[in-house]
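Visitor: Any chance you could fold what I've pasted below:
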Amino acid sequence: MYAIVSIAGVQVKASPEEILDVPRLAAEPGGTVEFKDVLLVSDGSQVTVGQPHVAGASLTAVVLEHRRGPKIIVGTFRRRKDSKKKKGHRQDFTRLRVTGIKH
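Guide: As a prediction, this is how the structure comes out:
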């Protein structure tokens, strides 16, 4: 069984007991969150596709931790102008464990 869910603007494929990294959510570690924006549900033999969401379907997950992704370096360089810039960025993530998919 799996589901395609929209979490914080990102579409994620999720299965029960799977661990996901999604964009940071406003939830405390150890808490439970429920997502109702389920776009597709498959139970192995039957696939249900929403228009745009599957009616009555939801995904529940437990928040494990908040973390940050790897540092990404962005550089700008203009030749012969003595102009260089270097910036770094780290994206914030929330780690979730999927506990159930209801459809």
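
Visitor: Now the residue located most distally from the centre of the chain: phi and psi?
Guide: Largest separation from the mean C-alpha position in the chain: R80, at 42.6 Å (CA atoms, centre = their mean). The phi and psi values for R80, taken as degrees, to the nearest 10, are phi 60, psi 20.

Visitor: For this structure, just list every one of the helices.
Guide: Counting by DSSP state H, the chain has no helices to list.

Visitor: hey, where'd the strands end up in the chain?
Guide: Here the chain has its strands, by DSSP state E, at 2-7, 10-14, 19-23, 32-35, 38-42, 47-49, 58-68, 72-78, 83-89, 92-102.

Visitor: In JSON lines, list those along with mean neighbour count.
Guide: Every residue, glycine included, has its C-beta placed from N, CA and C. Listed next are the strands of the chain as JSON lines, based on neighbours: other CB atoms under 10 Å:
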{"stretch": "strand 2-7", "mean neighbour count": "20"}
{"stretch": "strand 10-14", "mean neighbour count": "15"}
{"stretch": "strand 19-23", "mean neighbour count": "15"}
{"stretch": "strand 32-35", "mean neighbour count": "16"}
{"stretch": "strand 38-42", "mean neighbour count": "20"}
{"stretch": "strand 47-49", "mean neighbour count": "12"}
{"stretch": "strand 58-68", "mean neighbour count": "16"}
{"stretch": "strand 72-78", "mean neighbour count": "9"}
{"stretch": "strand 83-89", "mean neighbour count": "9"}
{"stretch": "strand 92-102", "mean neighbour count": "17"}
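
Visitor: Including mean pLDDT, could the ones you listed go into CSV?
Guide: Shown next, in CSV, are the strands of the chain (pLDDT from 0 to 100):
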stretch, mean pLDDT
strand 2-7, 96
strand 10-14, 96
strand 19-23, 96
strand 32-35, 96
strand 38-42, 96
strand 47-49, 94
strand 58-68, 97
strand 72-78, 94
strand 83-89, 94
strand 92-102, 96
